[in-house]
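Colleague: this is the structure alone, sequence omitted:
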């Protein structure tokens with residue numbers, strides 16, 4: 001089964017940028033739909049972005065549309081989340097997830113999850 005490891009989180013000032021990476025094990029990575037979610041303290045986990053197997057289709061939450069971009073490099077078994085114009089309300093633990101069953105998915109019915117990486121945006 002695929003294992004996912006996120007990296008790239010950290011502390012950034014409002015208006016800054018970060019790029020998260022999610023490295024996947026396994027030779028079938030290119031067949032997975034991938035997603036990004038986040039969970040802020042005291043809040044439920046929420047959808048951020050999703051990308052299909054080829055990278056040709058992406059979806060974003062309204063709160064990040066125009067600021068965040070997800071992409072993938074199937075040769076490197078890695079999916080990325082480029083986050084620009086960060087706001088304090090983007091502060092959360094960010095998770096990547098993989099779906100075997102769906103071509104693209106904006107809800108939480110993913111099959112595998114990473115351990116998360118903390119993103120903190122200071123005002």
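Modeller: Good, I have the coordinates. The structure displayed is predicted, hence computed values, not measured ones. Numbering: from 1, shown residues only.
Colleague: quickly list what residue 35 is bridged to.
Modeller: Note on residue 35: beta-bridge partners by DSSP bridges are residue 50, residue 97.
Colleague: tell me, what residue is most central in this protein?
Modeller: Nearest to the mean C-alpha position of the chain, by CA atoms, centre = their mean, lies residue 36 at 2.7 Å.
Colleague: contacting residues for that one?
Modeller: 20, 22, 47-50, 70, 79, 81, 94-97 (CB atoms under 8 Å, 6 or more residues apart in numbering). Placement of C-beta: from N, CA and C, glycine included.
Colleague: against residue 27, how distant is it?
Modeller: To residue 27, residue 36 is 23 Å away according to CB to CB, to the nearest Å.
Colleague: so who does residue 99 touch?
Modeller: So residue 99 contacts 32-35, 105, 109-111 (CB under 8 Å, 6+ apart).
Colleague: among these, name the ones in strands.
Modeller: Among these, the members found in strands (DSSP state E) are 33-35.
Colleague: the nearest residue to residue 19 once chain neighbours are set aside: neighbouring residues, count only.
Modeller: Once flanking residues are discounted, residue 19 sits nearest to residue 82: 5.0 Å by CB to CB, 6 or more residues apart in numbering. Counted with other CB atoms under 10 Å, residues neighbouring residue 82 total 15.
Colleague: done for today, thanks.
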